[in-house]
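J.: Next one to model:
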Amino acid sequence: MAGLMPPNSLDELAACLAIGNVRVVAGGTDWFVRDVESFGEEDTLIDLSGVAELRGVTLQGGGLRIGAGETMTSLAGSPLVRTHAACLAEAAEHVGSWQIRNRATLGGNLAGGSPAADTPPALMALDATAEILSLRGTRSCSVEGIVAQGRAALAPDEVLVAFTIPLPEGRISAFGKVGSRKEVSIARLNLAASLRRSGGSLSNARVVVGTLGSAGRLCPGAGEILIGSLDLEERRRAFCSALVAVVEAAIPGRSTLPYKRSAILALGEDVFDALMRTSDEGRGRS
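T.: You can find the predicted model right below:
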């Protein structure tokens, strides 16, 4: 190994990226399991854990800004995240074991490109945008765009710095997950949804199903039903049916299809009920 570099600021991080042949790690919960064996003698490992500018949860310019270095434990316990981006807090709370949640970061969960990741569907449902640093400066990209490209979305010299979540008045959101076991559970299916409540009407629905070949799949049809004019029970059934159709279209002929068809029905009911319950309680942007 050429060396270990622990930058303490974004300026130092940019200087490290200029070296070339670098690998970037934050919490390391995925990297040390999946990628460490591919690490070459000429590679340099950049440890992001000392860059304070990659952390923090603040309200800025009408949005919620979250540092890419925030851990799952931090997100799950943040009053700002729970108030303004409930589905993200819930997703973070469902990641692995408490030891993993104490190390795993929001940026790493997205950059890793795992189709079973929990927080990318929540970020997509919240229409989040990522801030990305490289030798060429900074750029912004929707999380939806990053998920669509997978691990190829980020160049070798690019690092996720922060995420910005817009905060339309009256937003509510919810998250659900089905895994193989209660602890250290890797998602077999997850579901995130958000919508806007204004008076007695619902709008701006975004529904995302994860673990269907990618870390998240936007489902416009399910979103339209979610805010439609059907009565509550009809809407619940139609919403769940739309989600089943998404699953069937995504993995036709797969051996896991019967299981995921059943699982998405249960998740759909849970997320639908959570959204409607929060809407009825009139909690506003939660």
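J.: what about the chain, any weak spots by pLDDT?
T.: 1-2, 28-40, 180-187, 214, 281-286 (pLDDT under 70).
J.: mind redoing it with 50?
T.: Across the chain, the ranges flagged by pLDDT under 50 are 1, 183, 185, 283-286.
J.: mind listing the helices for the stretch 151-286 of the chain?
T.: Using DSSP state H, counting those that start in this stretch, the helices of the stretch 151-286 of the chain run over 220-226, 232-250, 257-281.
J.: Show me what the longest one is in contact with.
T.: It refers to helix 257-281. Helix 257-281 is contacted by residues 86, 172-178, 188-193, 195, 197, 202, 209, 212, 222, 226, 232, 235-236, 239-240, 243-244, 246-248, 251, 254, 286 when judged by C-beta atoms under 8 Å, 6 or more residues apart in numbering. Placement of C-beta: from N, CA and C, glycine included.
J.: elements contacting the helix or strand hosting Thr83?
T.: When elements are assigned from DSSP states H and E, Thr83 belongs to helix 79-84. Applying 3 or more C-beta pairs under 8 Å, 6 or more residues apart in numbering; DSSP states H and E, we find helix 79-84 packed against strand 57-60, strand 63-67, helix 86-93.
J.: report the longest strand in this protein, please.
T.: For the chain, the strand that runs over the most residues, judged by DSSP state E, is strand 187-198.
J.: Going by neighbour count, list what's buried in stretch 8-24.
T.: Burial within stretch 8-24, assessed by neighbour count using 16 or more other C-beta atoms under 10 Å, is assigned to Leu10, Leu13, Ala14, Cys16, Leu17, Val22, Arg23, Val24.
J.: then it to PDB, C-alphas only?
T.: Output of stretch 8-24 as PDB, limited to C-alpha atoms (Å, rounded to 0.1, in the frame of the first residue of the first chain):
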ATOM      1  CA  ASN A   8      -8.800  17.100   8.200                       C
ATOM      2  CA  SER A   9     -10.500  19.500   5.800                       C
ATOM      3  CA  LEU A  10     -12.000  19.600   2.300                       C
ATOM      4  CA  ASP A  11      -9.000  21.500   1.100                       C
ATOM      5  CA  GLU A  12      -6.700  18.700   2.400                       C
ATOM      6  CA  LEU A  13      -9.100  16.100   0.900                       C
ATOM      7  CA  ALA A  14      -8.800  17.800  -2.600                       C
ATOM      8  CA  ALA A  15      -5.000  17.700  -2.300                       C
ATOM      9  CA  CYS A  16      -5.200  14.000  -1.500                       C
ATOM     10  CA  LEU A  17      -7.400  13.300  -4.500                       C
ATOM     11  CA  ALA A  18      -4.800  14.900  -6.700                       C
ATOM     12  CA  ILE A  19      -2.300  12.100  -5.900                       C
ATOM     13  CA  GLY A  20      -4.100   9.600  -8.100                       C
ATOM     14  CA  ASN A  21      -4.700   5.800  -7.500                       C
ATOM     15  CA  VAL A  22      -6.800   6.700  -4.400                       C
ATOM     16  CA  ARG A  23      -9.500   4.800  -2.600                       C
ATOM     17  CA  VAL A  24     -11.800   6.700  -0.400                       C
END
